[in-house]
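**Student:** Give me coordinates for this.
(one chain, ligands or ions: 2)
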Amino acid sequence: MSVKQDIKGIHIARTLGAQDHAELWDSIHVSKDLKDSLLCQALLNFTLRPKVSRTVIPLHGVILLVGKPGSGKTSLARGLASKAAGLLPAKKLAYLEVEPHSLTSSAMGKTQRAVTELFGQTIAEYAQAGPTFVLLSVARDHACAFEVAA
Ligand SMILES: Nc1ncnc2c1ncn2[C@@H]1O[C@H](COP(=O)(O)OP(=O)(O)O)[C@@H](O)[C@H]1O
Ligand SMILES: [Mg+2]
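**Tutor:** Ligands and ions are numbered 1, 2, ... in the order given. As a prediction, this is how the structure comes out:
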């Protein structure tokens, strides 16, 4: 397991395998339909998305989980990463967790620069190297800050 903590905005960067967060996937009680559709969507993003032009099917590669704090979003997302890893040919993927607090700044334009660098550079480099799963947890008020910065 490799953990890097020196990348701005990222607090976990590691290689994730099928077993790493599998227990989280099993422990979260949601409908089987929801788990199935999350897994299908994640696999679609890893398999079909790189092969199809955005002009044909605009797959964005994003899965949005919305719910009250403590409703299991983070656990489910971590479990999903492991489940998806296990179904990929390499049985692993690069797993990143973004820490939004370290990106936001009251200084004019600084948040925007940090977000642009994170997505346009850091995450893009990981994605070029292989399947990459990014978990971004934002509270509602932070989501607004990101919208402004996007
Ligand atoms: N539907 C659920 N079934 C089982 N455990 C749950 C469920 N929702 C939340 N939990 C438990 O509550 C805790 C907080 O969940 P978390 O994934 O951090 O939620 P969120 O990211 O939505 O705030 C975890 O220990 C998780 O296992
Ligand atoms: Mg959470």
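
**Student:** helix, strand or coil for the nearest residue to Ile63 once chain neighbours are set aside?
**Tutor:** Leaving out its chain neighbours, the residue that sits closest to Ile63 by C-beta to C-beta, 6 or more residues apart in numbering is Gln41, at 5.6 Å. For glycine as for every other residue, the C-beta is placed from the backbone atoms N, C-alpha and C. The three-state assignment at Gln41 reads helix, by DSSP: H, G, I helix; E, B strand; the rest coil.

**Student:** Which pLDDT value goes with Gln41?
**Tutor:** Looking at Gln41, its pLDDT reads 94.

**Student:** So which residue is dead centre in the chain?
**Tutor:** Val134 (2.3 Å; C-alpha atoms, centre = their mean).

**Student:** packing partners for the one helix or strand that residue maps to?
**Tutor:** If you go by DSSP states H and E, Val134 is part of strand 132-136. When contacts are defined as 3 or more C-beta pairs under 8 Å, 6 or more residues apart in numbering; DSSP states H and E, strand 132-136 sits against helix 73-87, strand 92-98, helix 123-129.

**Student:** Tell me the residues of this protein that contact ligand 2?
**Tutor:** 73-74, 137 (C-beta under 5 Å from the ion).

**Student:** now the residues you listed as a markdown table including pLDDT and neighbour count?
**Tutor:** Shown next, in a markdown table, are the residues of the chain next to ligand 2 (pLDDT from 0 to 100; neighbours: other C-beta atoms under 10 Å):
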| residue | pLDDT | neighbour count |
| --- | --- | --- |
| Lys73 | 94 | 17 |
| Thr74 | 94 | 16 |
| Ser137 | 89 | 14 |
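
**Student:** No further queries at this time; thank you.
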